[in-house]
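In: sequence first, then the predicted structure, then my questions.
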Amino acid sequence: MPRKSAMTEQFIEQFAAFEASRAELEPSWLTALRRKGLEAFQATGLPDRKTEAWKYTNLNKLKKIGFEPAQQVPELSTLPSSVVTIDGYLDVFVNGRYEPALSSFGTLPDGIVVESLRDSIAGDPALAERRLGNLVPSRETPMTSLNMAFAEDGLCLRVAPDTKLEQPIHVVSIGHAPDQPSAFHMRSLIEIGAGSSANILESHIGIGDGTYFSNSVSEIRLDAGARLGHYRLQNDSRQAFNIGLTNLELARGTHYDGFNLQIGAEIARSEVRARIAAEEIECRVNGAYLAAGTQQIDSTTFIDHAAGGSRSRQVFKGVLNDHARGVFQGKILVEPQAQKTDGHQLCRTLLLSRSAEMDCKPELEIYADDVKCSHGATVGELDDEALFYLRSRGIDPAEARDILVMAFLAEATAEIGVPAVREAFDDVVQQWLSGAQEATP
Amino acid sequence: MPLLEIKNLHARVEDKAILDGIDLAIDAGEVHAMMGPNGSGKSTLSYVLSGREGYEVTAGEVLYQGADLLEMEPEIRAREGVFLAFQYPVEIPGVATTTFLKSAVNAIRKHRGESELDAMQFVKLAREKAASLEIGDDMLKRAINTGFSGGEKKRAEVLQMALLEPKLAILDETDSGLDIDALKVVASGINALRSNDRGMLIITHYQRLLDFIIPDKVHVLAAGRIVKSGGKELALELEEKGYGQFLGEAA
């Protein structure tokens, strides 16, 4: 029996009341799923550093806080100004619950269904039963189990076959915990039909200086020939904790273009698990992370090449200042039958301070013999010669540093397939740099 | 008052003494050539003057327009009008040459109390100056020095000098690695910048460059000291007799 933290016990205690409040509203299969989730969570508890997958990300700070289930907060009249603006549909969640007053969809093209998980379950429980929980790993992680036990809402997107969604859907998750530390667990289900395409921008931000814990899970399925651009900006408030898991199931000829920019939260972990189930798939799982103060930001990936003749590409770049810690754990598994796999992985980190730390763990596990796989990992400092060169032309040292950091990160953001998103993310990076400059005069 | 006055300058890198008492004065309008064998301290002198870290001045002083140059940060020296054309310009991937040059030009304009140029104004200016150096738009769009040939790098350095309009230009082996055609382009770019209110210090190993840029004065540096100074004919003498005659003397 593993030793359980107070926080683990607290979640278990809260479950009874939560279950009672939901039982009458929800179908019995969901109640059963929740219970299963809780049991799995109960068996392991929150991960600690003895768990290999969590070796480098220390959750002690999170465990010291007693989180209550997030409450519905008084209606917000406007979106916080820190939300990036982009032309498209707006789908807003506050403390994990859909907020229609802040969302706007106009008229969606035929073949596109966007609804909240809650509405989806109420509207067509049988369909929801078939969809929910399909794509999470067979051996669930404790966080996923916890999410299953408490998930109340999330984005449900279905794109019918041969449908093109021109404008991106901007999903905004706002954390707001004015009174007490609060936890919420979004569960999103995304299905892109055969030959269809869509773009999703996912923003995570906070209001005020309350402490909240966002533990989200996304299940994403791309049917044959589908394309999805999935761009995630984790810019939660600095007192927040964000754990996110994205599960991808990719069919033949699909193209997934993912980018994860993590700059917020005190402790954040984004995990992407992709199952490459057929040939001719292009799976791009890229990202960037910027951390300062005592932030810990973890990017974990698992790319399972279960079929051959597909490509996966990962480019991660990060900048760490002060006492920040970064983690990259990237695993590529090439199963015996997955011949002609092309897997590429690169992780490069720039340390702006001698007290910052980067832990980088690339893992290639290859059982097929005719594959092309590569990985690279570097951790370094700004190039003194380049800095001097810029200064020798009259450029201020702080500006010279910003120019070099932007150039370093541009190699990652250049991977983003949608220009408007790339520009928005570059702006976020630029703002982060100006902020960092003020903090370290 | 000379534009630049170096008095008894001693400098070292880590524990190795390299400059061993240099005295030199350059007036506005003059072009001085500093010649010398490898290891004589030519590049060290250029780095000490431009403020690179790792070069420790152990004695002496450098006055620039009467002010203590060594007290100034590298960017302040640049803004005050000191320019170093690097022997090995640094490649900086990911930063477009135009973006960088605009930042540099505006930093210097701001320091001089002039208005900053917007993107349009800057591009117009850069194109104008680039044309005479046979630098096209494609080169300006590429990342700083990244993938540039030796000749392109040196032309880009001269372009920077033309844009920044320094009062004192130090050119460190700007001729190295150039074929004769590239050398002519670079030399004519430099000659075009000769003016009565600008001083130049041309550091070179070979006399060749001085066929195209006729110096007012020539100095021979050996083992960290100026062992001989003279007019332009001194360069020809060196070409004929080599540096050997000075090496024994300095040691």
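Out: Structure's in. What do you need?
In: what residues does the stretch 151-251 of chain B have near chain A?
Out: B:160, B:164 (C-beta under 8 Å from any C-beta of the partner chain). (Glycine included, C-beta is placed from N, CA and C.)
In: got the residue ranges for the strands in the stretch 151-251 of chain B?
Out: For the stretch 151-251 of chain B, strands defined by DSSP state E, counting those that start in this stretch occupy the ranges B:168-172, B:199-204, B:217-222, B:225-230.
In: nearest to residue B:12, of these?
Out: Ranking these by proximity to residue B:12 (C-beta to C-beta) places strand B:225-230 first, at 14.1 Å.
In: ok, how many other residues are close to the residue lying closest to residue B:179 once chain neighbours are set aside?
Out: Nearest non-adjacent residue to residue B:179, counting by C-beta to C-beta, 6 or more residues apart in numbering or on different chains: residue B:151, 7.2 Å away. Residue B:151 has 17 neighbours, counted by other C-beta atoms under 10 Å in any protein chain shown.
In: in the stretch 301-441 of chain A, what residue lies closest to chain B?
Out: The minimum distance from the stretch 301-441 of chain A to chain B, using C-beta to the nearest C-beta, falls at residue A:407 (2.9 Å).
In: I'd like the mean pLDDT over the host helix or strand of that residue, please.
Out: Per DSSP states H and E: residue A:407 is located in helix A:397-413. If you average the pLDDT over helix A:397-413, you get 93.
In: packing partners for it?
Out: strand A:255-262, strand A:282-291, strand A:311-320, strand A:342-351, helix A:384-391, helix A:419-439, strand B:92-96, helix B:97-111 (3 or more C-beta pairs under 8 Å, 6 or more residues apart in numbering or on different chains; DSSP states H and E).
In: and the shortest one, what other elements does it pack with?
Out: On a contact count with 3+ C-beta pairs under 8 Å, 6+ apart, strand B:92-96 meets helix A:384-391, helix A:397-413, strand B:143-144.
In: got any ranges where chain B has weak pLDDT?
Out: Within chain B, the stretches with pLDDT under 70 are B:248-251.
In: from it, which residue is nearest to chain A?
Out: Residue nearest to chain A within chain B: residue B:94 (2.9 Å; C-beta to the nearest C-beta).
In: where does residue A:13 sit: helix, strand or coil?
Out: Secondary structure state of residue A:13, per DSSP: H, G, I helix; E, B strand; the rest coil, is helix.
In: how many residues are close by residue A:70?
Out: For residue A:70, the count of nearby residues is 24 (other C-beta under 10 Å).
In: contacting residues around it?
Out: A:95-96, A:175, A:177, A:182-184, A:212 (C-beta atoms under 8 Å, 6 or more residues apart in numbering or on different chains).
In: relative to residue A:239, how far out is it?
Out: 14 Å (C-beta to C-beta, to the nearest Å).
In: dihedrals phi and psi, residue B:138?
Out: Dihedral pair for residue B:138: phi -60, psi -40, per degrees, to the nearest 10.
In: that should have said residue A:207, apologies.
Out: phi -120, psi 140.
In: isn't it right next to residue A:176, touching?
Out: Yes. At 4.5 Å, residue A:207 counts as touching residue A:176 under the criterion of C-beta atoms under 8 Å.
In: neighbouring contacts of stretch B:157-166?
Out: A:393-394, B:78, B:81-83, B:85-86, B:89, B:101, B:104-105, B:108, B:125-126, B:129-130, B:133, B:135, B:169, B:171, B:174, B:186, B:189-190, B:192-193, B:198.
In: check the gap between the residue found closest to residue A:187 once you drop the neighbours it is linked to in the chain and residue A:132 for me.
Out: Excluding the flanking residues, the one nearest residue A:187 by C-beta to C-beta, 6+ apart is residue A:151, at 3.8 Å. Separation of residue A:151 from residue A:132 (C-beta to C-beta): 9 Å.
In: before we move on, what about residue A:246?
Out: Taking C-beta to C-beta, one finds residue A:246 at 16 Å from residue A:132.
In: so the two - more neighbours on which side?
Out: residue A:246 (25 against 22).
In: which element is the more buried one on?
Out: strand A:241-250.
In: contact residues of chain A facing chain B?
Out: Checking chain A against chain B by C-beta under 8 Å from any C-beta, the hits are A:383-386, A:388-397, A:399, A:403-404, A:406-408, A:410-411.
In: leaving out chain neighbours, which residue sits closest to residue 79?
Out: Since you didn't name a chain, this refers to chain A. residue A:102 (5.9 Å).
In: switch to chain B, that's the one I care about
Out: residue B:111 (3.8 Å).
In: mind listing what that neighbour touches?
Out: Residue B:111 neighbours (C-beta under 8 Å, 6+ apart): A:394, B:79-80.
In: ditto for residue A:165
Out: A:108-109, A:112, A:159, A:196-199.
In: in stretch A:406-415, what counts as buried?
Out: A:406-410, A:412-413, A:415 (16 or more other C-beta atoms under 10 Å in any protein chain shown).
In: doesn't residue A:270 make contact with residue A:262?
Out: Yes. Residue A:262 is within contact range of residue A:270, at 6.0 Å (criterion: C-beta under 8 Å).
In: so which of those two has more stuff around it?
Out: More neighbours surround residue A:262 than the other of residue A:262 and residue A:270, with 28 against 23 (other C-beta under 10 Å).
In: let me know the secondary structure of residue B:46.
Out: helix.
In: that one: what's it in contact with?
Out: With C-beta under 8 Å, 6+ apart, residue B:46 has these contacts: B:84, B:87, B:170, B:172, B:201, B:203.
In: rewinding a little: what's the overlap in contacts for residue A:262 and residue A:270?
Out: A:234, A:287, A:299.
In: burial check on the last one, number of neighbours?
Out: Translated: residue A:299. When neighbours are counted by other C-beta under 10 Å, residue A:299 comes out with 26.
In: against residue A:324, how distant is it?
Out: 13 Å.
In: ok, now residue A:180?
Out: Computed as C-beta to C-beta, the residue A:180 to residue A:324 distance reads 27 Å.
In: residue B:77 now?
Out: 34 Å.
In: touching, the residue of chain B closest to chain A and residue A:408? I think so.
Out: Yes. Counting by C-beta under 8 Å, residue A:408 is a contact partner of residue B:94 at 6.6 Å.
In: quick one, strands of the stretch 1-150 of chain B?
Out: Under DSSP E, counting those that start in this stretch, the stretch 1-150 of chain B gives strands at B:4-13, B:16-26, B:31-35, B:55-64, B:67-68, B:82-85, B:92-96, B:143-144.
In: quick one on the thing from earlier: from the contacts of residue A:165, which is closest to chain B?
Out: Closest to chain B, out of all of the contacts of residue A:165 and judged by C-beta to the nearest C-beta, is residue A:199, at 25.4 Å.
In: just the element for the closest one, please.
Out: strand A:197-207.
In: quick one: the next helix or strand after that strand to strand A:282-291, angle?
Out: Proceeding N to C from strand A:197-207, the next assigned helix or strand is strand A:212-222, under DSSP H and E. Interaxial angle, strand A:212-222 versus strand A:282-291 (axes from the mean of the first three to the mean of the last three C-alpha atoms, to 10 degrees): 170 degrees.
In: elements contacting strand A:212-222?
Out: Partner elements for strand A:212-222 (3+ C-beta pairs under 8 Å, 6+ apart): helix A:142-150, strand A:169-176, strand A:182-184, strand A:187-192, strand A:227-235, strand A:241-250.
In: which ones are touching residue B:139?
Out: Counted by C-beta under 8 Å, 6+ apart, residue B:139 has contacts B:97, B:130, B:148, B:152, B:156.
In: how about a cut-off of 10 Å?
Out: Residues in contact with residue B:139 (C-beta atoms under 10 Å, 6 or more residues apart in numbering or on different chains) are B:97-98, B:130, B:133, B:148, B:152, B:155-156, B:159.
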